[in-house]
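A.B. asks: Below is the structure, and that's it, no one-letter string:
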């Protein structure tokens, strides 16, 4: 057998899941869609003592009431067909893995896994979303800006479980764009850019710009956001792209040099701005 | 060991499994259903795709214990006494397989896709991005799925 041995607990409620995580100690891990965790188990990159399966813990609902609250085990595929989900997320979704992995992969799992090249964390950061975590001591809300630390590391404490993420509804005058380059469709991004612009008339009154994969966590670019204010968006897109390229400093990889990845990021930011209209 | 009970290709199966047993290995080694192929074992190649409660899923990214209470369909469930499914017929007509290693996974993903409506050619190509084929090339596979979608 490929994974190292572990105990398995199927939680039928959040309370059972939190009890399982608390009892399992520091090496206990929640199992959601398993599209990253199960391969990591198979490769023995992770060896949890206890796996707490949260797929039946009652976290599979999407609720909209002023904002959109997405239960942790809502499948990624469910977002594509839900009108309440912010358009940026639906633009990003085709880049999230593949048809079959989106059937099973969850929103909460992707956020908690915090892969620096994952699309949903970038969307959450750009939309100023919130992660809701529960543990036995209680419940807390963590702003996306305070959640992602670096690759595969968040500010979740041991025993805490992501139960839902909170996303804003689309607002009047808002437009968004998501751009990514991967070597193969559905593969991890070489670079990606997410942009949300809110215009008053023709003028950008609010700009949110973030990049990922070239950084160790979803990264907002406030200087690029400031540059876009007062423009039409389109007329400042080239300058904004150039600035973004200067602001990131990715290391060279086996696939691309640092210079290429900078240039690519600038192009993706420009295109995402051009798309946000 | 954990006792599980599930439905596989219409048959009720009861087995005791270790939590770390992957669904793919359970299907192949315990049940002898070797139509589900194991390629990359990390969710990329698509060869192990099965229907899990009616929805296409990677068998290698599921544990057998997670299938307790579930309904699993493998490629062996497709052809029945009355012969191949229209999708399988289309694969044969278009020479959409050669060595056949990737075929079971593609058939199961396409079965899910076709159950949702009539996909466009672009949607078929997007679905196929999750399946690696190293011999036929993808064009005949897309043609076959497209023809099955029209029928």
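C.D. replies: Perfect, thanks for sending it. Bear in mind that the values here come from a model prediction, so they are computed numbers and not experimental data.
A.B. asks: for stretch B:135-145, the distance to its chain's centre please.
C.D. replies: Taking Cα atoms, centre = their mean, to the nearest Å, the mean C-alpha location of stretch B:135-145 is offset from the chain mean by 16 Å.
A.B. asks: my bad, should have said stretch A:188-202
C.D. replies: Counting by Cα atoms, centre = their mean, stretch A:188-202 comes out at 14 Å from the chain centroid.
A.B. asks: Next: stretch A:139-151.
C.D. replies: Using Cα atoms, centre = their mean, the offset of stretch A:139-151 from its chain centre is 11 Å.
A.B. asks: pLDDT on it, on average?
C.D. replies: For stretch A:139-151, mean pLDDT rounds to 98.
A.B. asks: ok, and what's touching it?
C.D. replies: For stretch A:139-151, contacts defined as Cβ atoms under 8 Å, 6 or more residues apart in numbering or on different chains pick out A:111, A:114-116, A:121, A:124-125, A:127-133, A:154-156, A:163, A:166, A:216-218, A:220. The way it works is simple: take the backbone N, C-alpha and C, and place the C-beta from them, glycine included.
A.B. asks: for it, how far is the first residue from the last?
C.D. replies: 24 Å (Cα to Cα, to the nearest Å).
A.B. asks: what do you get for stretch A:45-58?
C.D. replies: Across stretch A:45-58, the terminal residues are separated by 29 Å (Cα to Cα).
A.B. asks: close to chain B, is it?
C.D. replies: Yes. Using Cβ under 8 Å from any Cβ of the partner chain, we find that stretch A:45-58 touches chain B at A:51, A:53, A:55.
A.B. asks: isn't residue B:51 right up against residue B:73?
C.D. replies: Yes. With contact defined as Cβ atoms under 8 Å, residue B:51 reaches residue B:73; the gap is 4.0 Å.
A.B. asks: Common neighbours of these two, please.
C.D. replies: residue B:108.
A.B. asks: How about whatever residue of chain B ends up closest to chain A, nearest residue that isn't a chain neighbour?
C.D. replies: Nearest residue of chain B to chain A, counting by Cβ to the nearest Cβ: residue B:130, 2.8 Å away. Leaving out its chain neighbours, the residue that sits closest to residue B:130 by Cβ to Cβ, 6 or more residues apart in numbering or on different chains is residue A:98, at 2.8 Å.
A.B. asks: Same question for residue A:207, what's its three-state structure.
C.D. replies: What DSSP: H, G, I helix; E, B strand; the rest coil gives for residue A:207 is strand.
A.B. asks: any idea how far it is from residue B:46?
C.D. replies: 39 Å (Cβ to Cβ, to the nearest Å).
A.B. asks: Neighbour count for the two, which is higher?
C.D. replies: Neighbours were counted for residue A:207 and for residue B:46 using other Cβ atoms under 10 Å in any protein chain shown; residue B:46 has more, 29 against 25.
A.B. asks: From what I see, that one and residue B:108 are in contact.
C.D. replies: No. Applying Cβ under 8 Å, one finds residue B:46 not in contact with residue B:108, separated by 9.1 Å.
A.B. asks: got a list of what the residue nearest to residue B:35 when sequence neighbours are not counted touches?
C.D. replies: Spatial nearest neighbour of residue B:35, excluding adjacent residues (Cβ to Cβ, 6+ apart): residue B:75 at 4.1 Å. Applying Cβ under 8 Å, 6+ apart to residue B:75 gives the contacts B:35, B:36, B:50, B:103, B:104, B:107, B:108.
A.B. asks: ranking those residues by neighbours, who comes first?
C.D. replies: If you count neighbours using other Cβ under 10 Å, the busiest of the contacts of residue B:75 is residue B:50, which has 31 neighbours.
A.B. asks: Just give me the neighbour total for the residue in the stretch 151-277 of chain A that chain B sits nearest to.
C.D. replies: When distances are taken as Cβ to the nearest Cβ, the stretch 151-277 of chain A reaches nearest to chain B at residue A:185, 3.7 Å away. The number of residues packed near residue A:185 is 14, by other Cβ under 10 Å.
A.B. asks: Hmm, residue B:126 and it touching each other?
C.D. replies: Yes. The pair residue A:185 / residue B:126 is scored as a contact, 6.9 Å apart, by Cβ under 8 Å.
A.B. asks: list residues touching both of the two?
C.D. replies: Common neighbours of residue A:185 and residue B:126, using Cβ under 8 Å, 6+ apart, do not exist here.
A.B. asks: show me where chain A has strands.
C.D. replies: Counting by DSSP state E, one finds strands in chain A at the ranges A:7-10, A:28-31, A:50-53, A:62-64, A:67-71, A:130-135, A:138-143, A:148-150, A:153-154, A:161-168, A:174-182, A:189-200, A:203-212, A:219-220.
A.B. asks: right, and these - which one's nearest residue A:252?
C.D. replies: Smallest distance to residue A:252 across the strands of chain A (Cβ to Cβ): 11.7 Å, for strand A:189-200.
A.B. asks: Could you export the contacts of residue B:75 as TSV, including secondary structure and distance to residue A:7?
C.D. replies: Formatted as TSV, those follow (DSSP: H, G, I helix; E, B strand; the rest coil; distance: Cβ to Cβ, whole Å):
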residue	secondary structure	distance to residue A:7
B:35	coil	31
B:36	coil	26
B:50	strand	25
B:103	helix	37
B:104	helix	32
B:107	helix	35
B:108	helix	31
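A.B. asks: now, which of these sits nearest residue A:170?
C.D. replies: Ranked by distance to residue A:170 (Cβ to Cβ), these are led by residue B:108 at 35.4 Å.
A.B. asks: Look at that closest one and report its pLDDT.
C.D. replies: Taking residue B:108 on its own, its pLDDT is 98.
A.B. asks: Likewise for residue A:29?
C.D. replies: Turning to residue A:29, the model gives it a pLDDT of 97.
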